[in-house]
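# pasting a predicted model and its sequence here:
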Amino acid sequence: MFQTNFLSRDQVVAMTGEHGSPLFVYSKAKLIAQAQQLLAIPAPFGLTIRFAMKANPHPAILEIFKQQGIQIDASSGYEAELARKCGFRPETILVTSQQLAHNLQDLVPAGIDFNATSLNQLEQYGRAFPGTSISVRVNPGIGSGHSAKTNVGGITSSFGIWHEYIPQIHELAKIHGLNIVRLHTHIGAGTDPAVWQQAALTSLRLIKKFPTATILNLGGGFKVGRMDDEHDADMGIIGTMLAQEVQKFKEETGRELHLELEPGTFLVANAGILVAQVEDIVNTGKNGYTFLKLNTGMNDILRPGMYGSQHPISVLNDSTETKDYVVVGHNCESGDLLTPVAGNPNLLQARKLNKAAIGDLVLIGGVGGYCASMAAHGYNSFPSAAEVVIE
């Protein structure tokens, strides 16, 4: 049975009594612990950790990371604006967006860094800001992720400028007098550590083609263990590998590279719990399934129905009996499934949980990232769950 290690049963009851349910609860202590783990990576020529704020832009979480010295990876001009409103200095914000920032003319003069993710973006930036510095995101030709939908490298991905087009990057930079100071790569989320290391080595080879670049941004995608049979990426091992390779690069080329990482999930995922309630229990006969219907769903947590993602679930009662349940949301949508087969959101999977009754509280773990911020908000006109941060 899943049990949160930062929220007691008495706290759950008290907080739902005060705020109602569904309710996202985030742990400040766990957020700080994850931040410090990343900040301890031994980069020989400097390290910047950026929070991929799309994972969870809650202002209290942004404030916690700002106090820890973590900077911002913004995926849109709107996120950059929010980061500034939350007190981040412009020079600590990097915008890497699929759609060219609508407010680029305001962001760049303010001191916010821009990362071109296509040749078109590079061309438009060059016309608007000739003779300035810029970053470029390159698709290194490899990708990885916990599902096909979280793979953002290789030939199936639209993210970044394809590595074979590096000559065109230099051509545009020359035309507009641009100084390329940062190379950015990212291959996916929940990435296999061996593939992540391969991507890092590929990125070090690519940056040799950018002689003016002094910053190597390797993105994020570090795996976190949400389920009992999963484990977090070992940042000690990854950090040591990166330090060694950056040092080796210095010995081979004479160039000292400042390292940047942009985690989202790793910083926040396991710092969040979603407290919900059993609204109904139905079944489809002796050869069918028993369904727990909760008072939350895809309008608060879309990952299971979108990716087939696995989240620990626990019925918070004292039952000594267990029963197999398929857990579903409250939206009138067959895809509102909280217990799919791993990696396949189209197939349902029963979970053995405490025997439940209508009204029981349910805890869903691993929801600190890409849940409250990435959901079908407003679907069926259900309100979004409240969010609180506890000390």
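Right, received. Where do you want to start?
# residues contacting A372?
24, 56, 58, 272, 300, 384-385, 387 (C-beta atoms under 8 Å, 6 or more residues apart in numbering). Every residue, glycine included, has its C-beta placed from N, CA and C.
# was I right to think S319 contacts N354?
Yes. Here S319 reaches N354: they are 4.4 Å apart, a contact under C-beta atoms under 8 Å.
# neighbour count for the two, which is higher?
A count of neighbours by other C-beta atoms under 10 Å puts N354 above the other of S319 and N354, at 19 against 13.
# residues in contact with the more buried one?
So, once contact is read as C-beta under 8 Å, 6+ apart, N354 ends up touching 1, 314-315, 317, 319, 321-323.
# can you select the buried ones among these for me in PyMOL?
Remark: buried members of those, expressed as a PyMOL selection using 16 or more other C-beta atoms under 10 Å:
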select buried, resi 314+315+317+323
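# mind picking the two most distant members of the contacts of N354?
S314 and E321 (14.5 Å; C-beta to C-beta).
# if we can go back for a sec, from the contacts of A372, list the buried ones, please.
24, 56, 58, 272, 300, 385, 387.
# in strands, which of those residues fall?
If you go by DSSP state E, the buried ones among the contacts of A372 have 24, 272, 387 in strands.
# quick check: closest non-adjacent residue to L361.
Closest residue to L361 apart from its sequence neighbours, by C-beta to C-beta, 6 or more residues apart in numbering: L316 at 4.3 Å.
# I figured that neighbour hits A357, correct?
No. With contact defined as C-beta under 8 Å, L316 does not count as touching A357 (11.3 Å).
# just the element for A14, please.
helix 9-19 (DSSP states H and E).
# check which residues of that helix are buried.
12, 15-16, 19.
# next SSE after the one helix or strand L242 maps to?
Using DSSP H and E, L242 sits within helix 235-253. Next along the chain after helix 235-253, taking DSSP H and E as the criterion, comes strand 258-261.
# does anything pack onto that next one? Which helices or strands?
strand 47-52, strand 215-217 (3 or more C-beta pairs under 8 Å, 6 or more residues apart in numbering; DSSP states H and E).
# partners of the shortest one, with directions?
When sheet partners are counted by DSSP bridges, strand 215-217 sits next to strand 179-184 (parallel), strand 258-261 (parallel).
# how is the protein carved up into domains?
28-267, 269-390 (automatic domain parsing).
# who's sitting farthest from the centroid in this structure?
K286 (40.5 Å; C-alpha atoms, centre = their mean).
# that residue in helix, strand or coil?
coil (DSSP: H, G, I helix; E, B strand; the rest coil).
# now for it: which residues touch it?
Contacts of K286 (C-beta under 8 Å, 6+ apart): none.
# which residues does the helix holding L242 contact?
37-38, 40-45, 193, 196-197, 200-201, 204, 207-208, 216, 218, 222, 255-257, 259, 266.
# so how far is that helix from its chain's centroid?
24 Å (C-alpha atoms, centre = their mean, to the nearest Å).
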